[in-house]
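K.L.:
Could you look at this predicted model? Sequence included:
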Amino acid sequence: MKLHWFIWFPRMMLLVFAVLLVWYNLDVFYGAQHFIFKIETFLPQVIPAVVLLLILWLAWNKPMWGGILLIIVSFIFTYFYHSYRHLTSFLLLTAVPIIIGVLYIIVHYMKPKKLNITLSSSSIDTNL
């Protein structure tokens, strides 16, 4: 069964979501403020995207943990961004990570498990 596309789909969704979060924060560079002030304003706003990229790194090999962390982070986003006040912000900032997290959990259960074959010393014939 080909699950290649299903494994890559949540990875790409999470990567695009993190890039969009960074892209929406690039507006701090427009204006007449000093460049250091712009950097000081930009860096704290990029922390959620960095957290998502760290979760992506973890979920690459451990999709169950990545899915669980994404669902937890989506609830933190709900509290931090107050996205529960408006439906559109809730759908963009909370529902997207929840959907991606659920997809990672599904990938964990659909991914074929690696076979762990161990050779015992009694199964090896030493009388050659």
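P.N.:
Noted; the coordinates are in hand. Numbering: from 1, shown residues only.
K.L.:
Show me what whichever strand or helix holds Ile68 is packed against.
P.N.:
Assigned by DSSP states H and E, Ile68 belongs to helix 63-81. Packing partners of helix 63-81 (3 or more C-beta pairs under 8 Å, 6 or more residues apart in numbering; DSSP states H and E): helix 35-59, helix 96-110. The C-beta positions use only the backbone N, C-alpha and C, and glycine is treated the same way.
K.L.:
how about CSV for these, with mean neighbour count and mean pLDDT added?
P.N.:
Putting those into CSV (neighbours: other C-beta atoms under 10 Å; pLDDT from 0 to 100) gives the following:
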stretch, mean neighbour count, mean pLDDT
helix 35-59, 15, 90
helix 96-110, 19, 92
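K.L.:
C-terminal to the helix holding Ile68, what's the next element?
P.N.:
Using DSSP H and E, the helix or strand that directly follows helix 63-81 along the chain is helix 87-90.
K.L.:
residues making contact with that next one?
P.N.:
If you take C-beta atoms under 8 Å, 6 or more residues apart in numbering as the criterion, helix 87-90 is touched by 78, 81-84.
K.L.:
follow-up on the earlier one: out of the helices and strands packed on helix 63-81, which is closest to Val19?
P.N.:
Closest of those to Val19 is helix 35-59, at 7.6 Å (criterion: C-beta to C-beta).
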